[in-house]
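A.B. asks: Need coordinates for the below:
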Amino acid sequence: MGVKVGFIGLGAIGRPIAVHVARAFDTMVWNRTIEKARAFAQAEGASVAANPTELVEWADVVITCLPTSADVREVVESAGGAWRKGQLLVDSTSGDPAASRAVAAWLAGSGAGFVDAPVSGGTSGAEAGTLTVMLGGEEQWVAQAEKIVKPYAGKVVHVGPVGTGHAVKAFNNSLLGINIQAAGECLAALVKLGVPATKALEVINASSGRSNVTENLIPERVVSRAWLRTFRLALLDKDIGIALKVLKDTGVPSDAIGMTKRVFGEGRKALGEEADHVELIKQIEQAAGVEIR
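C.D. replies: Prediction:
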C-alpha cells in the first residue's frame, strides 16, 4: 500500500500544493471552511475528513498549511490521542521556530515526528510544482518528508534541526520586504527626478542592485499598475515579525529588519488585511506624491 497523506489548510498556497499531493498519494483533506474541502475532493479525487482527528487517525503523514504556528498547534492538539508512533507531521506553514520546536516536543510524546517545511515561490510556484522547500528536522524524519514534498518542489534543502526551516523562510521573506521598501523609495525619487521607471529598471536589472522585486514584481505590478494580489502584506508582516524575534533571541543586531517591520506594520494598518505585499509601494508613492511608471 502507498503512503496515505492528510492535508490540512486549502488556502491560496495550500490548495495548489494539495493538488500535487493528491495526484501523487492517496489523500484526505480537511479545511475549516468545509465547502472548500468538499470542492477540492470532488475535483481531485480525494476524500474529506469531518475533523482533524478523523484525518490524523487515517493518515500516515499529515501536511499542515495554515496562516500561523498558533493555528497549527490548535489543530494538532485538537486531534489529541489520535497521533501515533511513526506518524509524521510536515508543517508547510510560514511559522515560528520556537513554536515549531514546542509542537515537535508535544508530538514526540506520542512517538510522532515533526518537520517544518515552509515554501517559497508563491502561488505560481505552487501551481507549477516548482516551490523551494526548506526542511528543518531530524534526519530520519526529513528523509520521509523529502518524498512527500517532492511532487510540489523544484528544490528541497534540509537546512538544519527543527525550527530552522521556519527561520530561513522568515529571513528570506524579510529580505523580500527590505527589497520592496528600498526599491520603492529609490524608484519614487528617480521618477521625481525625471527618470522613467522603465529606464531606471533597465539599468538596475543589469547592475548590482537588481533583485526579484526589481526584475519581476515592480514591472509586473507597479509600473503596469496591475497590482496583482498573490501574497498578503499581512502575512509578510507576520514573517518579518518572526525574523525580528529570532534576531532578538539570538542576540544579533536587528536595525534593518526592525525598520522594515515598522514600515510594513504601518502599511498593514493603512492598506488592510487583504492588500498584496507589493502594495506597500502605494504608501511610498502617496508619501512621495508620485506614481512609479
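A.B. asks: average pLDDT across stretch 229-248?
C.D. replies: Over the span of stretch 229-248, the pLDDT mean works out to 97.
A.B. asks: Just the buried residues of it, please?
C.D. replies: Neighbour counts over stretch 229-248 (16 or more other CB atoms under 10 Å) mark 229, 231-247 as buried. Using the backbone N, CA and C atoms, a C-beta is placed for each residue, glycine as well.
A.B. asks: Same check on stretch 207-219?
C.D. replies: Neighbour-count burial for stretch 207-219 [16+ other CB under 10 Å]: Ser211, Val213, Thr214, Leu217, Ile218, Pro219.
A.B. asks: Make CSV out of these and add pLDDT, distance to Gly184 and secondary structure.
C.D. replies: Converted to CSV, the buried residues of stretch 207-219 look like this (pLDDT from 0 to 100; distance: CB to CB, whole Å; DSSP: H, G, I helix; E, B strand; the rest coil):
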residue, pLDDT, distance to Gly184, secondary structure
Ser211, 98, 12, coil
Val213, 98, 9, helix
Thr214, 98, 10, helix
Leu217, 98, 10, helix
Ile218, 98, 8, helix
Pro219, 98, 13, helix
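A.B. asks: can the residues you listed go into CSV with extra columns for distance to Gly95?
C.D. replies: As requested, these are exported to CSV (distance: CB to CB, whole Å):
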residue, distance to Gly95
Ser211, 25
Val213, 24
Thr214, 29
Leu217, 24
Ile218, 28
Pro219, 31
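A.B. asks: Of these, just say which sits nearest to Val290.
C.D. replies: Distance to Val290, by CB to CB, is smallest for Ile218 among those, at 14.1 Å.
A.B. asks: So for the chain, which residue is the most central one in space?
C.D. replies: Note on the chain: the residue nearest the mean C-alpha position is Ser94, at 4.4 Å, using CA atoms, centre = their mean.
A.B. asks: Longest strand in this structure, by number of residues?
C.D. replies: Looking across the chain with DSSP state E, the single longest strand is strand 153-160.
A.B. asks: now the residue nearest to the centre of the chain: how far from Gly194?
C.D. replies: Distance, Ser94 to Gly194, by CB to CB, to the nearest Å: 40 Å.
A.B. asks: How about Ala12?
C.D. replies: 39 Å.
A.B. asks: same check, this time on Gly272
C.D. replies: Distance from Gly272 to Gly194, by CB to CB: 33 Å.
A.B. asks: quick one, which of the two is more surrounded?
C.D. replies: Gly272 (12 against 7; other CB atoms under 10 Å).
A.B. asks: And this protein, what are its domain boundaries?
C.D. replies: Per automatic domain parsing, the structural domains of the chain span 4-161, 167-288.
A.B. asks: Figure out the length between the terminal residues of the last one.
C.D. replies: The first and last residues of domain 167-288 sit 34 Å apart, counting by CA to CA, to the nearest Å.
A.B. asks: What of stretch 187-205?
C.D. replies: 13 Å.
A.B. asks: Now do it, average pLDDT.
C.D. replies: pLDDT averaged over stretch 187-205 gives 98.
A.B. asks: Quick check: buried residues in that stretch?
C.D. replies: Buried, per 16+ other CB under 10 Å, within stretch 187-205: Leu187, Ala188, Leu190, Val191, Ala197, Ala200, Leu201, Ile204.
A.B. asks: What segments of the stretch 101-250 of the chain are helices?
C.D. replies: Taking DSSP state H, counting those that start in this stretch as the criterion, the stretch 101-250 of the chain contains helices spanning 122-128, 139-149, 164-192, 197-204, 212, 233-250.
A.B. asks: Nearest approach to Gly289 belongs to which of those?
C.D. replies: helix 164-192 (8.0 Å).
A.B. asks: Need the contact partners of the helix-or-strand element of the chain with minimal mean pLDDT.
C.D. replies: The helix or strand of the chain with the lowest confidence, counting by mean pLDDT, DSSP states H and E, is helix 122-128 at a mean of 94. Helix 122-128 has contacts (CB atoms under 8 Å, 6 or more residues apart in numbering) with Ala12, Ile13, Pro16, Ile17, Val19, Val119, Leu131, Thr132, Tyr152, Gly154, Thr230, Phe231.
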